[in-house]
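Chemist: When you get a sec, could you give me coordinates for this:
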Amino acid sequence: MLNVKVTWFFAVVIAVTSQLAVAQLVQLDTVVAIVDEDIILASEVRERIEQIKASAAQRNMALPDDETVLQETLDRLILENIQLQLAERFGVRIPDAQLDQAMARIAAQNGLNLEQFRDALTQSGQSYLEMREGLRDELAIQRVQQGSVMRDINITEKEIDNFMNTEEGIELTEP
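Modeler: Modelled structure (predicted):
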């Protein structure tokens, strides 16, 4: 009788551990690119491709083959990521008031007030908050591209001297 209980115990343990092992093999998402201090996930690429295809379909535009769309989308996500990291490093902040004005401008361009625009986005399956944050990113990228960040940077002689005395500064100036 004890032998049967031990056998059943091991059978249950093996069954449970094999189920746990299978459960651990489920892949949630994959990293497709590492960009400096950030990553780009396969789900982000898929989501952007879906947006591109939906936009192209709305405008009756033809797209290149899937491989080209995939590569161009990944390239664009990498570039955006780099620019957003630059914006963050330089302290670019888009105030909520500026973002509200930009959203109202987009709504007006579509002949809607802000509330109607929000409803139209929801009806089309888009999130107002996601669009708002996406617009915040776009505005930050524009500021980086326009070089407005560079005007705000003031490097003193002391900062240059301090950098030149660091290991990195010495390496960069070695003959």
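
Chemist: rest of the way, CA atoms for contacts and neighbours
Modeler: Will do.

Chemist: any chance you could map the helices in this structure?
Modeler: Using DSSP state H, the helices of the chain run over 2-24, 42-58, 66-89, 96-109, 114-123, 128-146, 148-151, 157-164, 167-173.

Chemist: State the mean pLDDT of the shortest one.
Modeler: Spelled out, that is helix 148-151. Per-residue pLDDT values over helix 148-151 give a mean of 60.

Chemist: Also the second one?
Modeler: The average pLDDT within helix 42-58 is 93.

Chemist: Same question for the first one.
Modeler: Averaged over helix 2-24, pLDDT sits at 56.

Chemist: Give me the neighbour count for residue 138.
Modeler: Residue 138: 16 surrounding residues under other CA atoms under 10 Å.

Chemist: Report the separation between it and residue 57.
Modeler: Per CA to CA, to the nearest Å, residue 138 is found 23 Å from residue 57.

Chemist: now do residue 146
Modeler: 31 Å.

Chemist: Out of the helices of the chain, which gets nearest to residue 34?
Modeler: Between residue 34 and these, the shortest gap by CA to CA is with helix 66-89, which sits at 8.5 Å.

Chemist: how does this structure divide up, domain by domain?
Modeler: Per the record, the chain has its domains at 26-89, 95-175, by automatic domain parsing.

Chemist: Where among the ones you listed is average confidence lowest?
Modeler: With a mean of 87, domain 95-175 has the lowest mean pLDDT of the domains of the chain.

Chemist: hmm, back to that, dump the helices of the chain to JSON lines, plus distance to residue 36.
Modeler: Output for the helices of the chain, formatted as JSON lines (distance: least, CA to CA, whole Å):
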{"stretch": "helix 2-24", "distance to residue 36": "29"}
{"stretch": "helix 42-58", "distance to residue 36": "17"}
{"stretch": "helix 66-89", "distance to residue 36": "8"}
{"stretch": "helix 96-109", "distance to residue 36": "27"}
{"stretch": "helix 114-123", "distance to residue 36": "33"}
{"stretch": "helix 128-146", "distance to residue 36": "17"}
{"stretch": "helix 148-151", "distance to residue 36": "20"}
{"stretch": "helix 157-164", "distance to residue 36": "21"}
{"stretch": "helix 167-173", "distance to residue 36": "18"}
